[in-house]
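[1] Next input, structure requested:
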Amino acid sequence: QVQLQDSGPGLVKPSQTLPLTCTVSGDSITTSFYYWSWIRQPPGKGLEWMGAIGYDGSTYYSPSLKSRTSISRDTSKNQVSLQLRSVTPEDTAVYYCARGLLTDYVDYWGQGTQVTVSS
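    I've put the predicted structure just below:
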């Protein structure tokens, strides 16, 4: 059974960097040919795919967020991380890590982390 545990600060101030971590169990993040995505859902809106890191360490980003987003991994801890820079209140959302690409090709989800951007 694959389980994803995403975690991060619940509150971030504008202009700061939001760090999120996803700890994976039941599968290795280096298993071919899986991808590990970050997806968010702002209040009252749909799911937004932010980016992903592949089994081989390759990274992919949404064009709209690419300039502010970095996705990395720690294979020794089986973790995937996201950093979102220069946050604004519009970045308030529930953030999910997931196995798969985009929002249509995901088979496992984390439980979601509520992040509020406010001063």
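[2] I'd like to know how far the most centrally placed residue in the chain sits from S119.
    Nearest residue to the geometric centre of the chain (Cα atoms, centre = their mean): W38, 2.6 Å. According to Cβ to Cβ, to the nearest Å, W38 stands 24 Å off from S119. C-beta coordinates here come from the backbone N, C-alpha and C atoms, glycine included.
[3] Then G110?
    Taking Cβ to Cβ, one finds G110 at 27 Å from S119.
[4] Wait, L47 touches T103, no?
    Yes: with contact defined as Cβ atoms under 8 Å, L47 reaches T103; the gap is 4.6 Å.
[5] List the residues that are in contact with both of those two.
    I39 (Cβ atoms under 8 Å, 6 or more residues apart in numbering).
[6] Any figure for the gap between S70 and D27?
    Distance from S70 to D27, by Cβ to Cβ: 23 Å.
[7] Next: P42.
    29 Å.
[8] Looking at the two, which one has more neighbours?
    D27 (16 against 13; other Cβ atoms under 10 Å).
[9] The more buried one belongs to a strand, doesn't it?
    No: looking at D27 with DSSP: H, G, I helix; E, B strand; the rest coil, it is coil, so not inside a strand.
[10] got a list of what it touches?
    With Cβ under 8 Å, 6+ apart, D27 has these contacts: 2, 34, 99.
[11] Over to V12?
    Here V12 is in contact with 18, 87, 91, 115-117 (criterion: Cβ under 8 Å, 6+ apart).
[12] if you set the cut-off to 6 Å instead, what comes out?
    Residues near V12 by Cβ atoms under 6 Å, 6 or more residues apart in numbering: 18, 87, 117.
[13] do A93 as well
    With Cβ under 6 Å, 6+ apart, A93 has these contacts: 40-42.
[14] Quick check: phi and psi at it.
    The phi and psi values for A93, taken as degrees, to the nearest 10, are phi -170, psi 170.
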